[in-house]
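Undergrad: after the sequence you'll find the predicted model.
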Amino acid sequence: MGGGLWSRDMIGWVLVAACLPPAAVVVVEQGAEGVVRMGAVLAVSAAWEALFRALRGIALSPTPVLLAVTLAALAPVGLSPVQLALGASFGLVLGELVFGGWGRNVVGAAPVALAMLYLSHPAGIGPGSELTMILAAGASGLLLLATGILSLAIVAGAGLGLWAVMLLLGAPLESSLSGGAVALGLVLLLADPVTAPTTGPARVLYGLLGGALIALLAGVAGLAGAERATIFAVLLAQVFSPALDYAGLALWRMARDRRHV
């Protein structure tokens, strides 16, 4: 990541600030349980980062805060702090730290952790936050857009993909995607600056893919709840992100070569 003002640490602090509005919603809506959920995930994630920093020199990152907020907001209700800590450990270690830390990972630690928790508890349902989480995700998105960390192309593509598939499948899907889970997933997970593509066309396609997958998983695959559909859609889209970037760069090289013929 670049030097100067927008250094790796500065980007990390902005991402931490973007997590504050959703964290406030978790505290207000879930009370002491939400504080315990976030605290357990934050503590174990920070411990893993400290261990890998001591053993392998991996720099600290905003991932523990992101994990704490997203797991508290999107993980199945009723899970104990120990279960959440195990899920966070799985996502952080296997999704990020083994690749060399934040900035070198292929998929995000939070989607990996959440996917593992939902696979381990197939009957689990998410907290189901509504308007307050949508507003919180909007505030986070505005901050990240203003600082250039969030790509407008990804958000616009995701919205278009969601709308197109919802229109194709019909009105009943609208109730399946109500709540703040989709908004939070798009802002903090799908548009993650590390795992998202870097080229313009790839970002649009990536957003379209993510939004379409959310609607398809909620409607066609029948995944119960917006949280579950969003998490698995984000994880699938992140897997395809490098291929989309490669295709975007290939098209750019072709266009450049034609201009210089």
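TA: Thanks, I have the structure now.
Undergrad: low-confidence ranges in the protein?
TA: In the predicted model of the chain, residues 1-5, 129, 171-179, 220-224, 260-261 satisfy pLDDT under 70.
Undergrad: and the helices in it, which stretches?
TA: Using DSSP state H, the helices of the chain run over 8-18, 20-30, 32-56, 63-74, 81-95, 109-120, 131-146, 152-169, 173-176, 181-184, 200-219, 226-259.
Undergrad: quick one: contacts for residue 162?
TA: Going by C-beta atoms under 8 Å, 6 or more residues apart in numbering, residue 162 touches 177, 182, 211-212, 214-215. Where C-beta positions appear, they are placed from N, C-alpha and C, glycine not excepted.
Undergrad: would you turn those residues into CSV with neighbour count?
TA: Shown next, in CSV, are the contacts of residue 162 (neighbours: other C-beta atoms under 10 Å):
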residue, neighbour count
177, 20
182, 27
211, 28
212, 22
214, 32
215, 25
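Undergrad: so who does residue 105 touch?
TA: 95-96, 99, 194-195.
Undergrad: re the thing from before, now render the contacts of residue 162 as CSV, adding distance to residue 227.
TA: What follows is these, written out as CSV (distance: C-beta to C-beta, whole Å):
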residue, distance to residue 227
177, 11
182, 9
211, 16
212, 18
214, 11
215, 14
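Undergrad: one step back: in a markdown table: the helices of the chain, plus distance to residue 103.
TA: Below are those laid out as a markdown table (distance: least, C-beta to C-beta, whole Å):
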| stretch | distance to residue 103 |
| --- | --- |
| helix 8-18 | 7 |
| helix 20-30 | 22 |
| helix 32-56 | 13 |
| helix 63-74 | 10 |
| helix 81-95 | 13 |
| helix 109-120 | 12 |
| helix 131-146 | 17 |
| helix 152-169 | 18 |
| helix 173-176 | 35 |
| helix 181-184 | 22 |
| helix 200-219 | 18 |
| helix 226-259 | 14 |
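Undergrad: next one: the residue positioned nearest the centre of the chain from residue 170, what distance?
TA: With distances taken as C-alpha atoms, centre = their mean, residue 189 lies nearest the centre of the chain, 1.0 Å away. Applying C-beta to C-beta, to the nearest Å, the value for residue 189 to residue 170 is 26 Å.
Undergrad: next one: residue 67
TA: Residue 67 is 36 Å from residue 170, where distance means C-beta to C-beta.
Undergrad: okay, these two: which has more neighbours?
TA: Taking other C-beta atoms under 10 Å, residue 67 and residue 170 do not tie; residue 67 has more neighbours (32 against 9).
Undergrad: just checking, the more buried one touches residue 113?
TA: Yes - with contact defined as C-beta atoms under 8 Å, residue 67 and residue 113 form a contacting pair (6.3 Å).
Undergrad: show me whatever sits in contact with both of the two.
TA: 88, 91-92.
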